[in-house]
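Here is my input, please return the structure:
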Amino acid sequence: MFVKDGMDRLPRARSDRVKRPERHAPDAGILRLAAQIRVTALLVVIGALCLVQSDYLFHWQRHIYAPGDAPRTNPLTFLAIVFALAATLSQKPMTRRSRREGGLWCIVLLLAAAFPVSNILSATLLDAEDLGRMGWNTALCLALMASAQILRDRDRDKALALAVLALGPPAVSLPGTLNNVQGFFGSMSLTTTLALLALGLANMVVFARHRKLRGLLRDDENGRLMRGAILFLLALELLFALLNRSGAAVTEGFRAGLNTVEMFFLMTLFMIMSARLARLMDAARRTEKQLLRDLSLDPLTQTATRRAAQHAYENTAGEMRVGVLMVDVDKFKRINDTQGHVAGDAILRAVAEVLKRNVRLTDLVARWGGEEFLVLVRVPDFHALSETAERIRSAVKTDDKLRGDCGVTVSVGGVMIDPRRAPDLQASVSMADDALYQAKSRGRDRVVLQGITRPDASNSDHATQKEWLVA
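Here you go, the predicted structure:
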């Protein structure tokens, strides 16, 4: 009793505890690339903040825009980006969001919500010059970014969608900023655009394990193709902007040529991705066919499985006469005991080959279990079934591979059924097994067939008794 009570107080074994489902971590290539993107993006954010400070001191952004049209980074925007940068730096890979990070993102949300009065707050609290107020697109980007990080531990799909949307305002602003089209990008300055783009990219890395980002971050041919396409399009956009801002004489033909290059690249990319998709679909179809083949073929004898036999039997529902034969290798256990399982497997393969050679293409040979085979034959009458069964028995006995020292023989039991009124396959096999048992009990190496079976015969005045025919 003492031992039992003591054992009851012991902690349960580790195997008895409830195991939590494990998440599939991305491969090393994805983690390495994600870390590189994160570090690079954070350096760009820090550089953009330094540019903002230098603009406050030297007003250099006024020289790259038309007079009176120079948008600059509001101090409240600068402060919100600093808090967002601190929250991003506090993130740890493969861990949940900390309270400190959540608090910093809440501060970013509050600062973004104050964008309508940002110019007043900047002048009152920060004693800064009038740099205009925070733009609505800047506030929207910061709010989406903060909401995505606050939500990421609860619903990663929605959080990823918000993080992608957060890249929208600065991504739209970038071409307008570079081309000096103020109505297109609102009041977002160049430094704010760079800082928010890099900050959004750094926060996207948190979702590197998400299935929707693995394809883009994967270190393979497809991932490199997608990343290269994005970089190429960005390079074209920068080239257009530099040509427009440089004041160089750009002919209409040159502009048309650049547009043609961009369109040709997009069309080529679409064709490549379509070809890859077609190859993936073909590979999926081949895999599906192979899986179906594996499910329908016995791996040892390459005959049909029980599942395939059941399907074939159901397809004979419109046939008037179908023969069901059960073929069993005689004294197979003794062969396994004396010659080993390797020899037994070779005999099963040889018997299966003999069976397949002696039936028609419309018939079916299946391994039913162990050394038993099922043969479904479409025959017009009972006499044809008897001939098929005897041909199988004789072919096995006289086969060159099976006439060795062991002298392999088979016993065959069969039944002729009417599939239109017959029971299911298992019941038909059971009746064929009865005939096989008679063949075994009468000395093996013989055929015993049961007469035509009508399941509803018991309800008829012409009910027939079982008729055993020995061949």
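
per-residue confidence at the residue lying closest to Asp345 once chain neighbours are set aside?
Leaving aside its sequence neighbours, Asp345 sits nearest to Leu300 (C-beta to C-beta, 6 or more residues apart in numbering; 6.0 Å). C-beta coordinates here come from the backbone N, C-alpha and C atoms, glycine included. You'll see Leu300 listed with a pLDDT of 89.

On the three-state scheme, Leu300 is what?
coil (DSSP: H, G, I helix; E, B strand; the rest coil).

and it, what is it in contact with?
345, 348-349, 367 (C-beta atoms under 8 Å, 6 or more residues apart in numbering).

I'd assumed Val172 was in contact with Leu140.
No. Leu140 is beyond contact range of Val172, at 10.8 Å (criterion: C-beta atoms under 8 Å).

Any buried residues in stretch 52-61, and which?
For stretch 52-61, burial by neighbour count (16 or more other C-beta atoms under 10 Å) applies to 52, 55-56, 61.

and it, how far out from the chain's middle?
Relative to its chain's centre, stretch 52-61 lies at 50 Å (C-alpha atoms, centre = their mean, to the nearest Å).

Can you list phi and psi of the residue nearest the centre of the chain for me?
Centroid-nearest residue in the chain: Arg211, 9.0 Å away (criterion: C-alpha atoms, centre = their mean). The phi and psi torsions at Arg211 (degrees, to the nearest 10) take the values phi -60, psi -30.

Just the pLDDT at it, thanks.
At Arg211, the pLDDT value in this model is 73.

How about the one 3 residues further on?
Confidence at Arg214, expressed as pLDDT, is 69.

cool, and the one 4 residues further on?
According to the prediction, Arg218 has pLDDT 70.

With Leu131 instead?
Leu131 is given a pLDDT of 66.

Going along the chain, name the helices of the stretch 101-250 of the chain.
Using DSSP state H, counting those that start in this stretch, the helices of the stretch 101-250 of the chain run over 118-125, 136-151, 156-166, 168-179, 182-185, 190-204, 211-217, 221-246.

Please read the previous query as pertaining to the stretch 251-400 of the chain.
Under DSSP H, counting those that start in this stretch, the stretch 251-400 of the chain gives helices at 252-296, 306-314, 332-339, 341-357, 382-398.

pretty sure Arg306 contacts Glu372?
No. If you go by C-beta under 8 Å, Arg306 and Glu372 don't touch, sitting 10.9 Å apart.

and Gln450, what helix or strand is that in?
Gln450 belongs to strand 447-453 when assigned by DSSP states H and E.

Following element in sequence after the helix or strand of the chain at the bottom of the mean pLDDT ranking, please.
The weakest-scoring helix or strand in the chain, judged by mean pLDDT, DSSP states H and E, is helix 2-9 (a mean of 42). Next helix or strand after helix 2-9 toward the C-terminus (DSSP H and E): helix 28-58.

on contacts alone, who are the packing partners of that following helix?
Applying 3 or more C-beta pairs under 8 Å, 6 or more residues apart in numbering; DSSP states H and E, we find helix 28-58 packed against helix 75-89, helix 190-204, helix 211-217.

Out of these, which is closest to Leu162?
helix 190-204 (10.1 Å; C-beta to C-beta).

Remind me what the closest one packs against, helices and strands.
helix 28-58, helix 75-89, helix 136-151, helix 156-166, helix 168-179.

Mind listing what's buried along the first one?
Of the residues in helix 28-58, 30-31, 33-34, 37-38, 41-42, 44-45, 48-49, 51-52, 55-56 count as buried by neighbour count, 16+ other C-beta under 10 Å.

Looking at those, point me to the pair that's furthest apart.
Ile30 and Tyr56 (39.2 Å).

what number of residues lie near Thr315?
Careful, residue 315 is Asn and not Thr. Neighbour count for Asn315, taken as other C-beta atoms under 10 Å: 12.

show me what contacts the residue lying closest to Leu33 once chain neighbours are set aside?
The shortest distance from Leu33 to any non-neighbouring residue, by C-beta to C-beta, 6+ apart, is to Leu217 (5.3 Å). Listed by C-beta under 8 Å, 6+ apart, the contact set of Leu217 reads 26, 30, 33-34, 208, 223.

which one among these gets closest to Arg357?
The closest of the contacts of Leu217, once distances to Arg357 are taken by C-beta to C-beta, is Gly223, at 51.4 Å.

Counting neighbours, what do you get for that closest one?
17.

Next one: it from Ala34, what distance?
To Ala34, Gly223 is 12 Å away according to C-beta to C-beta, to the nearest Å.

same thing with Cys406?
Taken as C-beta to C-beta, the span from Cys406 to Ala34 is 64 Å.

try Leu231
17 Å.

now do Asn119
In terms of C-beta to C-beta, Asn119 sits 38 Å off from Ala34.

Report the beta-bridge partners for Val327.
Phe373, Val412 (DSSP bridges).

all numbers from here: first residue = 19
From this message on, residue numbering opens at 19, which makes the last subject Val345.

I'd guessed it sits against Thr427; true?
No. The pair Val345 / Thr427 is not scored as a contact, 10.7 Å apart, by C-beta under 8 Å.

So between the two, which is more surrounded?
Here Val345 and Thr427 are compared on neighbour count by other C-beta under 10 Å; more neighbours surround Val345, at 28 against 16.
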